[in-house]
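Peer 1: prediction below, plus the sequence it came from.
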Amino acid sequence: MCNETPLLSVDDLLGPGVGPVSLTLAIGERVAIMGASGAGKSLFLRQLADLDPGEGHLSLRGERREALAGPAWRRRVMLVPAQSGWWAPTVDMHVDPSEKAHAATLAHRLRLPDDILTREVRVLSTGERQRLALIRALTRSPDVLLLDEPTSGLDPDAMAAVENLLIEYSREGTGIVMVTHDAGQARRVANRSFVMEKGRLAPAWA
Ligand SMILES: Nc1ncnc2c1ncn2[C@@H]1O[C@H](COP(=O)(O)OP(=O)(O)OP(=O)(O)O)[C@@H](O)[C@H]1O
């Protein structure tokens, strides 16, 4: 794995409240980012998704960020923010028709009700929205998933289901950068864990 071109390369990334940060993510690797509230974790994910202005270099499979249009980059390096955005009345309107069966399978895996895809977004609970935002992202097959506290609103059973799914997708090649306040989750899920402090990363444990 070490000799391959990294899936994601981050070199001297610097932006408001973030950096400088350098990091490489191998194909199928899972990285956890912990740290105090306000340390810059969410801003760091936004930098990786190229949603905020910044300096430094990002590459995906050796291809520079500048070589891709912003939306194309964000489709391949996809952010699932802590508060997901929904732009149509029902859940299934956010899923490509060819991915509906896939989404239904994932919903079942994540302990969601059978009719969840046909429900109105406005009636969803916090934990349902959170899992559906993850499902929506997974059905779009990103190269890298950027997850901001993906299980913060979930019960232990649903949390374990999300963690298992993330591990499964990463084994198929998806890279994962996950912000979490849960050190136990970082140990269960991540191959490598970091603590962010004042926008900079340090290894979480030696
Ligand atoms: N656009 C911005 N420009 C400058 N500073 C910002 C910007 N957005 C947020 N901040 C500030 O930067 C700091 C880091 O914010 P961020 O949302 O990344 O924290 P976080 O580590 O994700 O915290 P939490 O664990 O509470 O979610 C905060 O003090 C926040 O108020």
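Peer 2: Good, I have the coordinates.
Peer 1: so which bits of this protein are right by the ligand?
Peer 2: 16-17, 35, 37-43 (C-beta under 6 Å from any ligand atom). For glycine as for every other residue, the C-beta is placed from the backbone atoms N, C-alpha and C.
Peer 1: switch the cut-off to 5 Å
Peer 2: 16-17, 37-43 (C-beta under 5 Å from any ligand atom).
Peer 1: tell me the buried residues within these.
Peer 2: 17, 39-43 (16 or more other C-beta atoms under 10 Å).
Peer 1: for the residue sitting furthest away from the middle of the chain, give me the pLDDT.
Peer 2: In the chain, residue 115 marks the outermost C-alpha relative to the chain mean, sitting 25.1 Å out by C-alpha atoms, centre = their mean. Looking at residue 115, its pLDDT is 94.
Peer 1: backbone phi and psi for it, please?
Peer 2: Phi and psi for residue 115, reported as degrees, to the nearest 10, are phi -100, psi 20.
Peer 1: quick one: it and residue 184, what's the gap?
Peer 2: 33 Å (C-beta to C-beta, to the nearest Å).
Peer 1: show me where the protein has helices.
Peer 2: 41-48, 70-76, 100-109, 126-138, 156-171, 183-189 (DSSP state H).
Peer 1: taking helix 100-109 as reference, get the angle to the fifth one.
Peer 2: Read it as helix 156-171. Angle, helix 156-171 to helix 100-109, by axes from the mean of the first three to the mean of the last three C-alpha atoms, to 10 degrees: 130 degrees.
Peer 1: also the first one?
Peer 2: Interaxial angle of helix 41-48 relative to helix 100-109 (the same axes, to 10 degrees): 160 degrees.
Peer 1: helix 41-48 packs against which elements?
Peer 2: strand 8-15, strand 18-25, strand 30-34, strand 77-80, strand 144-148, strand 175-179 (3 or more C-beta pairs under 8 Å, 6 or more residues apart in numbering; DSSP states H and E).
Peer 1: mean pLDDT and mean neighbour count added to those, as JSON lines?
Peer 2: Shown next, in JSON lines, are those (pLDDT from 0 to 100; neighbours: other C-beta atoms under 10 Å):
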{"stretch": "strand 8-15", "mean pLDDT": "96", "mean neighbour count": "18"}
{"stretch": "strand 18-25", "mean pLDDT": "94", "mean neighbour count": "20"}
{"stretch": "strand 30-34", "mean pLDDT": "98", "mean neighbour count": "24"}
{"stretch": "strand 77-80", "mean pLDDT": "97", "mean neighbour count": "22"}
{"stretch": "strand 144-148", "mean pLDDT": "98", "mean neighbour count": "24"}
{"stretch": "strand 175-179", "mean pLDDT": "98", "mean neighbour count": "25"}
